[in-house]
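Enquirer: A structural model of the following input is requested.
(one chain, ligands or ions: 1)
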Amino acid sequence: MTTTQDDPTVFNQLAKRIKLEGAITIADFMADVLIAPKHGYYMSGEPFGAAGDFITAPEVSQMFGELIGVWCADTWYNMGGPTELNFVELGPGRGTLMTDILRAAGMVPGFLQTLQVHLVEVSPSLKKKQKQALAGFNITWHQDLTTLPEGPTFFIANEFFDALPIKQFERSPDGWCERLITLNEDGKELIFALSPPSKAIESLIPKNLCSAAEGAVVELSPIASTITDMISRHILDHGGAALFIDYGRDVPTATPSLQAIKAHKKHPVLKEPGTADISALVDFPTLVTTALNAGIAAHGPITQGDFLQSLGIEQRAEMLRKTGTDEQVVDITSAEHRLTDPNEMGTLFKVLALTHPDHPTPAAFPERPE
Ligand SMILES: C[S@@+](CC[C@H](N)C(=O)[O-])C[C@H]1O[C@@H](n2cnc3c(N)ncnc32)[C@H](O)[C@@H]1O
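Expert: This is a model prediction of the structure:
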């Protein structure tokens with residue numbers, strides 16, 4: 001791979017930046033690789049489905065979005081059924097989840113009419129797909145959360161937080177350092193490097209992980225915390241709820257999870273940047289702490305399997321099977337298994353709900369102790 005200044009590949013843009021600025025953080029690398037304006041992974045490609053790099057739960061089955069639609073309708077009803085509700089999805093991909101949610105919402109008297117749909121999306125090509133999928137609905141798009149309107153709001157995010165940039169910190173023999181990315185000697189490959197250790201870096205490490213063994217790696221996502229804080233403050237001020245579904249950890253651990261996926265297989269993170277999806281486990285404990293610090297209620301995380309089972313995926317699958325062809329019956333059973341089985345997406349994926357502290361515990365989540 002060459003590194004001419006005019007070559008617009010993601011590698012050459014990164015190489016140019018590193019030559020100018022020095023080693024970059026993992027967070028800068030992720031942001032450049034995933035959402036750099038022209039050549040970022042999400043900006044022009046079609047990464048979903050069997051022909052793409054990965055498949056997400058709404059693309060596995062319509063049951064996923066329908067049950068989330070039912071959860072939203074129930075949560076809306078239990079918060080007094082406001083007559084106007086902003087309905088925000090973060091990172092809506094192909095628009096499949098929102099399509100399935102709105103179809104289910106239409107079955108609940110009065111609910112669909114209250115919704116003003118807002119989509120937060122950075123990718124022009126995915127915005128086009130969303131426009132096609134949601135033709136007939138009145139949708140407003142946003143580049144980020146800062147332009148969302150005031151008023152009671154539901155926030156839905158499936159596999160959005162795992163795509164947000166993380167920072168990595170490593171315990172070296174001399175103390176905590178930040179993991180960085182730089183160029184090898186001939187400037188043709190990206191390699192990992194470490195910053196010098198410092199007390200400032202150590203102060204960022206959660207207290208219970210500070211004495212982790214040499215070589216331990218802690219991942220933090222400042223942007224995920226900022227977004228959760230914005231959402232929490234919005235819910236506190238205006239009412240509403242949030243539902244985050246993602247692959248993630250429910251206890252803090254000092255093990256790295258940054259990974260690249262290409263054509264449904266693991267791919268070296270630094271190889272051919274921009275051609276593979278890059279993500280990391282979502283740090284649910286930090287999101288819970290952020291929401292609680294902002295003064296709202298956090299429920300879970302519970303596993304995706306428990307969440308969907310509690311909302312009646314078995315019954316929904318049974319209903320769909322009754323009218324399906326032989327081939328559809330096999331697909332429905334396999335999708336139910338994929339979404340809920342502990343060896344598939346059932347346990348790795350987790351669901352966190354945030355609500356206004358005056359509202360009741362939402363469906364599928366255990367009551368909080370008094
Ligand atoms: C892994 S896909 C998930 C898509 C969809 N939610 C699903 O479940 O199929 C991540 C989505 O988040 C969007 N995205 C990634 N980073 C973003 C950012 N910083 N701001 C807004 N959207 C972002 C991508 O363009 C894409 O739509």
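
Enquirer: ok, residue 91 - how many residues close by?
Expert: 22 (other C-beta atoms under 10 Å). For glycine as for every other residue, the C-beta is placed from the backbone atoms N, C-alpha and C.

Enquirer: do I have it right that it meets residue 130?
Expert: No - if you go by C-beta atoms under 8 Å, residue 91 and residue 130 don't touch, sitting 10.5 Å apart.

Enquirer: okay, and the common contacts of those two?
Expert: residue 121 (C-beta atoms under 8 Å, 6 or more residues apart in numbering).

Enquirer: need the per-residue pLDDT for residue 369.
Expert: Note for residue 369: predicted pLDDT of 68.

Enquirer: show me what from the protein comes close to the ligand.
Expert: Residues of the chain found near the ligand (C-beta under 6 Å from any ligand atom) are 34-35, 42, 56, 58-59, 91-93, 97, 120-123, 126, 158-160, 163.

Enquirer: go through these and flag which are in helices.
Expert: Members of the residues of the chain next to the ligand lying in helices (criterion: DSSP state H): 34-35, 42, 58-59, 97, 126.

Enquirer: and the residues you listed, which is closest to the ligand?
Expert: Nearest to the ligand out of those is residue 42 (C-beta to the nearest ligand atom; 3.7 Å).

Enquirer: can you tell me the closest non-neighbouring residue to the closest one?
Expert: Once flanking residues are discounted, residue 42 sits nearest to residue 123: 4.4 Å by C-beta to C-beta, 6 or more residues apart in numbering.

Enquirer: the one you found against residue 46, yeah?
Expert: No - the pair residue 123 / residue 46 is not scored as a contact, 10.3 Å apart, by C-beta under 8 Å.

Enquirer: for the chain, which segments count as helices?
Expert: Secondary structure of the chain (DSSP H): helices at 10-21, 26-35, 41-44, 57-60, 62-78, 96-105, 111-114, 124-133, 199-202, 222-238, 284-294, 304-310, 313-323, 326-340.

Enquirer: worst average pLDDT in those helices?
Expert: Mean pLDDT is lowest for helix 41-44 out of the helices of the chain, coming in at a mean of 88.

Enquirer: buried sites along it?
Expert: For helix 41-44, a neighbour-count test (16 or more other C-beta atoms under 10 Å) marks 41-43 as buried.

Enquirer: reformat the residues you listed as JSON lines; add distance to residue 243.
Expert: Putting those into JSON lines (distance: C-beta to C-beta, whole Å) gives the following:
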{"residue": "41", "distance to residue 243": "25"}
{"residue": "42", "distance to residue 243": "22"}
{"residue": "43", "distance to residue 243": "26"}
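
Enquirer: any idea how far residue 286 lies from residue 221?
Expert: To residue 221, residue 286 is 8 Å away according to C-beta to C-beta, to the nearest Å.

Enquirer: so between these two, which is more surrounded?
Expert: A count of neighbours by other C-beta under 10 Å puts residue 221 above the other of residue 286 and residue 221, at 22 against 19.

Enquirer: in TSV: the helices of the chain, plus distance to residue 358.
Expert: Formatted as TSV, the helices of the chain follow (distance: least, C-beta to C-beta, whole Å):
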stretch	distance to residue 358
helix 10-21	47
helix 26-35	36
helix 41-44	37
helix 57-60	30
helix 62-78	11
helix 96-105	24
helix 111-114	19
helix 124-133	33
helix 199-202	39
helix 222-238	10
helix 284-294	15
helix 304-310	23
helix 313-323	30
helix 326-340	32
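
Enquirer: nearest to residue 86 among those would be which one?
Expert: Distance to residue 86, taken as C-beta to C-beta, is lowest for helix 222-238 among the helices of the chain, at 8.5 Å.

Enquirer: return the list of helices and strands in contact with that closest one.
Expert: Judged by 3 or more C-beta pairs under 8 Å, 6 or more residues apart in numbering; DSSP states H and E, the packing partners of helix 222-238 are strand 153-158, strand 240-249, helix 284-294, strand 349-355.

Enquirer: for residue 140, find the nearest of those.
Expert: Counting by C-beta to C-beta, residue 140 lies closest to strand 153-158 out of the helices and strands packed on helix 222-238; the figure is 12.6 Å.

Enquirer: hang on, the earlier thing: burial of the residue nearest to residue 42, as a residue count?
Expert: For residue 123, the tally of surrounding residues (other C-beta under 10 Å) stands at 21.

Enquirer: now residue 235
Expert: Residues lying near residue 235 (other C-beta under 10 Å) number 26.

Enquirer: OK, contacts around it?
Expert: With C-beta under 8 Å, 6+ apart, residue 235 has these contacts: 153, 155, 241-242, 296, 354-356.

Enquirer: do the same with residue 274
Expert: Contacts of residue 274 (C-beta under 8 Å, 6+ apart): 9-11, 33, 36, 39-41.

Enquirer: the same query, at a cut-off of 7 Å, please.
Expert: Contact analysis of residue 274 by C-beta atoms under 7 Å, 6 or more residues apart in numbering lists 9-10, 33, 39-41.

Enquirer: likewise residue 224?
Expert: 161, 164, 282, 287.

Enquirer: test my guess that the second one contacts residue 221.
Expert: Yes - Residue 164 sits in contact with residue 221 when judged by C-beta atoms under 7 Å, with a separation of 5.4 Å.
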